[in-house]
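**Student:** sequence below, structure please.
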Amino acid sequence: MRKVSFLLLFLAASMFAQAQVATNIYWVQFTDKANSPYSIENPEAYLSPRALQRRANQGIAIDEYDIPVNPQYLQAVADCGAQLLNPSKWLNGVSVYTADASVVEAINALEFVSTVRNCPNDPEAQIRKEEWLAREQKASESTRAMYGYYGGAETQITQLNGNVLHDNGYQGEGMVVAVLDGGFLGADTHPCFDNMREEGRLLGTRQFVYNAGSVYTQSNHGTGCLSTMAAYVPNTFVGTAPKASYYLIHTEDGRSENIIEEYNWVSGAEYADSLGVDLCTTSLGYIGFDMPGWDHPISDLDGKTAPMTIGAEIAVSRGMICLNAAGNEGYPWVTECCLGVPADAEHVLTIGAVDGSGERTWFSSFGPTADGRIKPDVMAMGQSTYVADDNGGYYNGDGTSFATPVIAGVVTCLRQANPYATVQEICDAIRACGDRANNPDRYYGYGIPDFAQALETLHVEEPAQAEEIINVYPNPSQGEMHVVLNEGAKAELTVFDFMGRQLYTYSFNGLNHTTLETYLNTLDSGIYFIKAVSELGNQTLKFVVTK
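**Tutor:** Modelled structure (predicted):
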């Protein structure tokens, strides 16, 4: 059976066509990044302060992967007559649209283009996919009894001991999660997200399937995934990271199954990285496509072949924790690896599904990978998972799609507790506290992790801090702030918002604090950064305003 983006056991809502179909979409691969106006020495030009701070926390250097695609190359492709879609700096290329064969020939003739890859759809296969979705088992209306604070989500968090992290003060505050999915229908109005919206923790959205437009269309799959983490309606539905901040990124095209969607995802992950996102969670995966020539054989599931897998590995190397659903192809008659990419990526946490009693569900995909590694990594509740629909209600949904964000929220809280741990250290700790850690296998991986144990055992020493140039207090502030110059006679200060946009610059000598503090006191609630440059060096300081 075809993959259908792991929407197995889930009825995608509101399937409709927008913009151009992918028949005339191409991937243009560049040879290099020569003569780029960007450089490793000036990462502030293409990475936000938060992205740079995340790298600094984990000791990650800026490298060539971080440098954007050469804009001169992009312009030359556009000058050939193609419509530019999504560039990817990690894969060093761009997706384009053109219905003119001569445009493709002109692009192929450019000296810095190595290949032009056609990514067509099979219209008949697209029809079959939509018919299959219409026959798909509908999610069942929830009749679950409410059990205290977490409401219908009680079992899915307590199974992981994620509630222990909440009890210890870690609910995702200050952490940023990117949800990459196929649509967020109803997420802009569902009351379970009211708290997130009111507190300004829905930081933004981005569309990578269409040239523009809302992410709140096409499918409510992303809405259900988001709800397992972000919902906050005490005694009805509280998610696993109810105080984190979120970006919603649309990369999966529900109209087709096309390899261009892997490239969309990589562009989306790059966007998340540039914003300084701490964790990416994805309930997508790719095995078969409308055009069989693009299908991934088992030999591709080696952690280094598929475009999305390559991109996921690079994403992790930037310091982001990445989780991905294992897939829903693990039928009883299947005997060999049935993962989808990028679940084969070595450093991605691949999530399988169990029921409320901890037994593996019949559909949860399994490994090992083509090169013999154990996958999935760990398991979470993916049968009768409590999720939000697109009409203001709730239902019980099935799929590794939902197991993945359930555990992603708890991982977010663990990251909050350990801001200086590397991705490898976080993921190793999660695997080590699985209930099958001593005997992992292809079906359960390392089992169901105990996050209370992970919290207790993951001790990461905070690195010695650079010389403090300035200090802001109180932090968090409810509106009244004070700034102190600790050393030196003068510092050049720049204030950025959470998106990395420059808001204010000031020459600060420690005595002229009134003007600066007056400005800071005008800021709305949110997370901000001050970059200080003095003779002592550079310092980037995060501060929080809660009015």
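
**Student:** could you pull out the helices for the stretch 201-350 of the chain?
**Tutor:** For the stretch 201-350 of the chain, the helices defined by DSSP state H, counting those that start in this stretch occupy 221-230, 260-275, 307-317.

**Student:** try the chain
**Tutor:** In the chain, the helices defined using DSSP state H lie at 49-58, 71-79, 101-108, 123-135, 154-158, 162-167, 194-198, 221-230, 260-275, 307-317, 400-417, 423-432, 451-457, 513-520.

**Student:** so which of those helices is nearest Asn86?
**Tutor:** Taking Cβ to Cβ as the criterion, helix 260-275 is the member of those that comes nearest to Asn86, at 4.0 Å. C-betas here are computed from N, CA, C, even on glycine.

**Student:** in contact with Gly224, which residues are there?
**Tutor:** Residues in contact with Gly224, defined by Cβ atoms under 8 Å, 6 or more residues apart in numbering, are 10, 387-389, 397, 401-402.

**Student:** between those residues, which sits nearest Leu47?
**Tutor:** Checking the contacts of Gly224 against Leu47 by Cβ to Cβ gives Ser401 as the nearest, at 30.4 Å.

**Student:** if we ignore the residues flanking it in sequence, what's nearest the closest one?
**Tutor:** If the residues on either side of it in the chain are set aside, Ser401 comes closest to Ser283, at 3.7 Å by Cβ to Cβ, 6 or more residues apart in numbering.

**Student:** I'd guessed the one you found sits against Ala325; true?
**Tutor:** Yes - the pair formed by Ser283 and Ala325 meets the contact definition of Cβ atoms under 8 Å, at 4.5 Å.

**Student:** what sits in contact with each of those two?
**Tutor:** Residues touching both Ser283 and Ala325 (Cβ under 8 Å, 6+ apart): 6, 399-401, 404.

**Student:** thought Val179 was touching Cys225?
**Tutor:** Yes - counting by Cβ under 8 Å, Val179 sits close enough to Cys225 to count as a contact (6.0 Å).

**Student:** of these two, who's got more company?
**Tutor:** More crowded of Val179 and Cys225, by other Cβ atoms under 10 Å: Cys225, with 33 against 28.

**Student:** pLDDT value on the more buried one, please?
**Tutor:** Turning to Cys225, the model gives it a pLDDT of 97.

**Student:** mind listing what the most centrally placed residue in the chain touches?
**Tutor:** The residue lying closest to the centre of the chain (Cα atoms, centre = their mean) is Cys280, at 2.2 Å. For Cys280, the contacting residues are 177-180, 269, 272, 315, 320-323, taking Cβ under 8 Å, 6+ apart as the criterion.

**Student:** please repeat the previous calculation with a cut-off of 6 Å.
**Tutor:** Remark: with contacts taken as Cβ atoms under 6 Å, 6 or more residues apart in numbering, Cys280 is in contact with 178, 269, 272, 320, 322.

**Student:** also Ile249?
**Tutor:** For Ile249, the contact set (Cβ under 6 Å, 6+ apart) comprises 178, 180, 206, 268.

**Student:** from these, pick the one nearest Val544.
**Tutor:** When those are ranked by distance to Val544 (Cβ to Cβ), Ala178 comes first, at 20.1 Å.

**Student:** neighbours of Asn220, how many?
**Tutor:** Residues contacting Asn220 under the criterion other Cβ under 10 Å number 30.

**Student:** how's the protein carved up into domains?
**Tutor:** 22-118, 150-457, 470-545 (automatic domain parsing).

**Student:** most neighbours per residue, which of these?
**Tutor:** Per-stretch averages of neighbours, counted by mean count of other Cβ atoms under 10 Å, single out domain 150-457 among the domains of the chain, with a mean of 23.

**Student:** ends of that one, how far apart?
**Tutor:** One end of domain 150-457 sits 26 Å from the other (Cα to Cα, to the nearest Å).
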